[in-house]
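Participant: have a look; sequence and predicted model below, questions after that.
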Amino acid sequence: MIHSFDALILGGGAAGLMCAIEAGKRGRRVAVLEHADRLGKKILISGGGRCNFTNLHCRPENFFSSNPHFAKSALARYTPADFIALVEKHGIPTTKKLWASFSATAPPATSSRCSKPNAAMPT
Ligand SMILES: Cc1cc2nc3c(=O)[nH]c(=O)nc-3n(C[C@H](O)[C@H](O)[C@H](O)COP(=O)(O)OP(=O)(O)OC[C@H]3O[C@@H](n4cnc5c(N)ncnc54)[C@H](O)[C@@H]3O)c2cc1C
């Protein structure tokens, strides 16, 4: 059987799955190629199994890159609040935790995580 797709995404981790969802929303036929035995394995272990999914005070200056403008553009177009809204739209309960400070000058990072273990987002 021959399948045809508009997009092939290599890797079904957090980035690949998000990319697949967004391409699918735009009407593209998408295939995600994953070589592990299941998708999103690291998502399930993040935050000690409670899916720590964003940092509320994430700023472009927190990223190392040869192109610092990339983080500015990406974070301006999709903010932590956008992802929290997506999770909550699917009825997944979330909680906020103050968890770390990266340096003496940086404010404490506040992360947002699922408050229910093994919560699943329908796609
Ligand atoms: C123990 C642990 C705890 C973590 N906790 C947190 C946390 O609390 N908060 C946080 O923000 N982040 C955490 N992380 C980091 C987290 O893994 C990343 O934020 C996130 O998973 C990265 O997603 P990604 O899609 O970029 O990469 P990945 O999740 O690594 O996804 C890449 C996917 O591509 C697949 N792949 C690779 N090569 C190929 C190939 N050639 N063909 C097919 N498939 C391929 C891999 O199998 C994988 O599924 C944690 C990581 C670990 C290991």
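Facilitator: Nice, thanks for sending it over.

Participant: in this protein, what residue is nearest the ligand?
Facilitator: Distances between the chain and the ligand by C-beta to the nearest ligand atom are smallest at residue 13, namely 1.8 Å. Heads up, the C-betas are built off the backbone N, CA and C, glycines and all.

Participant: could you look up the next helix or strand downstream of the biggest helix by length in the chain?
Facilitator: What stands out as the longest helix in the chain, according to DSSP state H, is helix 14-25. Once helix 14-25 ends, the next helix or strand along the chain (criterion: DSSP states H and E) is strand 30-33.

Participant: elements contacting that following strand?
Facilitator: Judged by 3 or more C-beta pairs under 8 Å, 6 or more residues apart in numbering; DSSP states H and E, strand 30-33 is in contact with strand 7-10, helix 14-25.

Participant: quick one: it near the ligand?
Facilitator: Yes: using C-beta under 6 Å from any ligand atom, strand 30-33 reaches the ligand at residue 33.

Participant: would you mind writing the CA trace of the helix or strand just after that strand as CSV?
Facilitator: With elements assigned by DSSP H and E, the helix or strand that comes after strand 30-33 is helix 41-49. Provided in CSV are the C-alpha atoms of helix 41-49 (Å, rounded to 0.1, in the frame of the first residue of the first chain):
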residue,chain,number,x,y,z
LYS,A,41,8.6,9.1,26.2
LYS,A,42,10.4,12.1,27.5
ILE,A,43,7.2,14.0,28.0
LEU,A,44,6.0,11.3,30.4
ILE,A,45,9.2,11.4,32.5
SER,A,46,9.5,15.2,32.6
GLY,A,47,8.8,16.9,35.9
GLY,A,48,9.3,13.5,37.7
GLY,A,49,6.4,12.0,35.8
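
Participant: between helix 41-49 and helix 14-25, how many degrees?
Facilitator: Using axes from the mean of the first three to the mean of the last three C-alpha atoms, to 10 degrees, the direction of helix 41-49 lies 120 degrees away from that of helix 14-25.

Participant: for helix 41-49, list every residue counted as buried.
Facilitator: By 16 or more other C-beta atoms under 10 Å, the buried positions in helix 41-49 come out as 43, 46, 47.
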